[in-house]
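Q: Would you be able to build a 3D model of this:
(one chain, ligands or ions: 3)
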Amino acid sequence: MRKVIVQKFGGTSVADTEKIKNVARTVIKEKENGNDVVVVVSAMGHTTDYLVKMAKDLSPVPSGREMDMLLSTGEGVSIALLAMAIQAQGYDAVSFNAMQVGIITENVHSKARIIDIKTDKLRKNLQEGKIIVVAGFQGVTEDGEITTLGRGGSDTSAVALAAALNAERCDIYTDVEGVYTTDPRIVPNASRLDEISYEEMLELAHAGANVLHPRSVETAKQFNVPLRVRSSFKLDNMGTLILGVDNMEIYKPVAGVAADLSQARIVVCDVPDKPGVAAKLFGSMAKEHISVDMIIQSYARKVSNTNDIAFTVDANDLDKTVAVLKKLREDIGASGEIQVDSNIAKVSIVGAGMIDRPGIASTMFETLAELGINIRMISTSEIKISCLVDKDQAYKAVEALHKVFELESDEIAEVKGDLPNV
Ligand code: ADP
Ligand code: ASP
Ligand code: MG
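A: Ligands and ions are numbered 1, 2, ... in the order given. Alright, predicted model coming up:
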């Protein structure tokens, strides 16, 4: 039986028609190797950002349904153009959107999870010798409503398709040459990793390393999909392989450093110190599909028997979170104010090698202290330590941590995009 290879090309790789021609050549090369090829593409260049901006010009909180209707159009353009480019180079290709394939998601707007992918149409077209181009980022509910998977979600579309088709591997082609020890836009001499474990990559992705969408790594781990991140411009470089931790040698305690600048911190003040309050508070968030990240509850004050609960959410969920809290305040008996701060960033170090190695956390805290950076919240997992700091200090913190944990290389990475302004 012929092998199926899934390839995914991000926005920068399909930013204009010349680049789309280049993608078509890469796709055809894989077909020429004797494989069946399914290609997933994102919207061209900054299309999605542009669509979001137009929506926000018209409405401060656009409805989730209409937002998904709008954002899904971006990928509709790039699939048709890529299929045409492949056909123009003499190969048979067909493009499908999520509805045509049957990429079924839960009924949630803007961050839906894929629950099933129908493969009949894909298999039939592959058997007919066609190269298939599928729209990333989008899905459809059982009732035929359009959904999207969250920003950066085309990676997840690709891995989920690879899992459904039992693909030989899933190659994520992007504008850097693989996964680096940190974002090479922050530290130009970051090191490219030949390999990294699913577990570390998942933590890094959650910590803000947006080279892979977190759910794509989760899906690859769950279904054992061999996943590779590589450059769409330098094809001779094999990039980074993401694989099970058991197959890896661990040399350094820290594998990578990441910053997440799109978080917001909320403090609910004077919350009664009694059972059930946290359950109600975070239960209400969960009902609204708001993911809560770091959480700190202060000690109860003796006189009032109240405490403060502080937590972080994605900055895009801030308005929704405040609305939920305002409604809930009376119900849980919180008598204080709700404080909001978007001027924060989460800086994290990740590494399977930090298990059972004391001193890693203290090195992190000392490094930040030497720079006069105040740590406002801390959270840890077995292989990650995250500190919440002021936003304008995030890049400085990443540079220093990258240095102290000896992650630099002698080479300067080639980068295409600019860093977000702080
Ligand atoms: P695409 O449009 O191909 O999906 P993205 O912009 O989503 O590309 O992801 C690639 C970008 O991720 C790179 O340009 C890089 O600046 C950024 N990035 C952040 N952290 C890392 C990291 N640890 N390794 C590599 N790239 C990273
Ligand atoms: N086009 C979408 C975005 O910009 C999805 C993706 O690029 O993966 O977020
Ligand atoms: Mg991306």
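
Q: Burial check on the spatially closest residue to Glu200 that is not a sequence neighbour, number of neighbours?
A: Residue nearest to Glu200 in three dimensions, not counting chain neighbours: Ala255, with 4.9 Å by CB to CB, 6 or more residues apart in numbering. All C-beta atoms are positioned from the backbone trio N, CA, C, and that covers glycine. Ala255 is flanked by 28 other residues according to other CB atoms under 10 Å.

Q: and Ala255, what does it touch?
A: Applying CB atoms under 8 Å, 6 or more residues apart in numbering to Ala255 gives the contacts 181, 193, 196, 200, 204, 350-353.

Q: So which of those is the closest to ligand 2?
A: Distance to ligand 2, by CB to the nearest ligand atom, is smallest for Leu204 among these, at 16.9 Å.

Q: ok, the closest one - contacts?
A: Per CB under 8 Å, 6+ apart, neighbours of Leu204: 179, 196, 255-256, 258, 348, 350.

Q: so how far is Arg113 from the residue nearest to Glu200?
A: Applying CB to CB, to the nearest Å, the value for Ala255 to Arg113 is 27 Å.

Q: repeat for Gly239
A: From Gly239 to Arg113 the distance is 27 Å (CB to CB).

Q: Ok, Thr306 next?
A: Relative to Arg113, Thr306 is positioned 37 Å away (CB to CB).

Q: and if you look at Ile412?
A: 38 Å.

Q: Next: Asp319.
A: 23 Å.

Q: the more surrounded of those two?
A: Arg113 (16 against 13).

Q: Output the below-cut-off pLDDT ranges for the stretch 101-250 of the chain.
A: Along the stretch 101-250 of the chain, segments meeting pLDDT under 70 span 246-249.

Q: in it, what residue is nearest ligand 2?
A: Ser154 (3.2 Å).

Q: contacting residues for that residue?
A: So Ser154 contacts 8, 10, 40-42, 75, 136-137, 213 (CB under 8 Å, 6+ apart).

Q: quick one on the thing from earlier: show me the subset of the contacts of Leu204 that also lies near ligand 1.
A: Contacts with ligand 1 are made by 179, 256 out of these, judged by CB under 6 Å from any ligand atom.

Q: Regarding the residue lying closest to Val41 once chain neighbours are set aside, which helix or strand does it belong to?
A: Nearest residue to Val41 in three dimensions, chain neighbours excluded: Ser78, at 4.6 Å (CB to CB, 6+ apart). In this structure, Ser78 sits in helix 64-88 according to DSSP states H and E.

Q: For the protein, just list every one of the helices.
A: For the chain, applying DSSP state H gives helices covering 17-32, 47-58, 64-88, 98-101, 120-127, 154-164, 198-206, 214-223, 277-287, 318-332, 360-370, 394-404.

Q: who wins for proximity to Thr312 among those?
A: Among the helices of the chain, helix 318-332 comes nearest to Thr312, with 10.0 Å by CB to CB.

Q: The helix holding Ser78 packs against which elements?
A: For helix 64-88, the elements it packs on are helix 17-32, strand 36-41, helix 47-58, strand 93-96, strand 131-135, strand 138-140, strand 146-148, judged by 3 or more CB pairs under 8 Å, 6 or more residues apart in numbering; DSSP states H and E.

Q: rerun that using 6 Å as the cut-off
A: helix 17-32, strand 36-41, helix 47-58, strand 93-96, strand 131-135, strand 146-148 (3 or more CB pairs under 6 Å, 6 or more residues apart in numbering; DSSP states H and E).

Q: Would you format the ones you listed as TSV with mean neighbour count and distance to ligand 3 included?
A: Formatted as TSV, the helices and strands packed on helix 64-88 follow (neighbours: other CB atoms under 10 Å; distance: least, CB to the ion, whole Å):
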stretch	mean neighbour count	distance to ligand 3
helix 17-32	17	15
strand 36-41	28	11
helix 47-58	14	10
strand 93-96	20	20
strand 131-135	27	15
strand 146-148	26	13
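
Q: okay if I get these as JSON lines plus distance to ligand 1?
A: JSON lines is the format used below for the helices and strands packed on helix 64-88 (distance: least, CB to the nearest ligand atom, whole Å):
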{"stretch": "helix 17-32", "distance to ligand 1": "11"}
{"stretch": "strand 36-41", "distance to ligand 1": "10"}
{"stretch": "helix 47-58", "distance to ligand 1": "10"}
{"stretch": "strand 93-96", "distance to ligand 1": "19"}
{"stretch": "strand 131-135", "distance to ligand 1": "14"}
{"stretch": "strand 146-148", "distance to ligand 1": "14"}
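
Q: of all of this structure, which residue lies closest to ligand 3?
A: Gly152 (4.1 Å; CB to the ion).

Q: for that residue, what are its contacts?
A: Gly152 sits next to 210, 213 when contact means CB atoms under 6 Å, 6 or more residues apart in numbering.

Q: what's across from Ile242 in the sheet?
A: Taking DSSP bridges as the rule, Ile242 bridges to Ile196, Leu227.
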